[in-house]
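**Q** Build me a structure from this.
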Amino acid sequence: MTGRKLRELLPTQLAGGKDLETGTHYYVKSPVFPWNKFAGVDTVLGPEMRSTGEVMGVAATFGEAFAKAQLAAGQVLPTSGTVFFSVNDPDKPAVVDLVRRYVNLGFKIVATKAQPMCWRKPDS
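**A** Okay, the predicted model is just below:
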């Protein structure tokens, strides 16, 4: 928007190859898709995504920033329903807490089941 490159505006920060400091907040940008604005448009996304704009959510936590961006984009965040989980067997223990949180919020859970031990690749 300024007509200048980031390397011109922030030469020291970019030369070090480090992430830019964003402070204590999270920033989530979300596209606004046409079916939110124009009834009856094709909802199949192509490589160009056909967005009609963008919005940004800013908050102290990622979840709140994501929710703000989705709401601003016209998405309805579900408060009930069913959540499908499909996770590789080695990663299943890591998602137990997340699944439990959905259950505590009243969501139903559908998931793939673990493969029998004889089907797993041996550890190398």
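**Q** Look through the chain and tell me its longest helix.
**A** Ordering each helix of the chain by length in residues (DSSP state H) puts helix 92-104 first.
**Q** Which neighbouring elements make contact with that helix?
**A** On a contact count with 3 or more CB pairs under 8 Å, 6 or more residues apart in numbering; DSSP states H and E, helix 92-104 meets strand 82-85, strand 108-111. Using the backbone N, CA and C atoms, a C-beta is placed for each residue, glycine as well.
**Q** Run through who's touching it.
**A** The contact list for helix 92-104, computed with CB atoms under 8 Å, 6 or more residues apart in numbering, reads V83, F85, V87, I109, A111, A114.
**Q** What mean pLDDT does it get?
**A** Averaging pLDDT along helix 92-104 yields 93.
**Q** mind listing the helices for the chain?
**A** Counting by DSSP H, the helices of the chain are 6-9, 11-15, 62-72, 92-104.
**Q** Which one, of those, ends up nearest to Y27?
**A** Nearest of the helices of the chain to Y27, taken as CB to CB: helix 62-72 at 6.4 Å.
**Q** buried sites along stretch 84-92?
**A** The neighbour-count check on stretch 84-92 (16 or more other CB atoms under 10 Å) flags V87 as buried.
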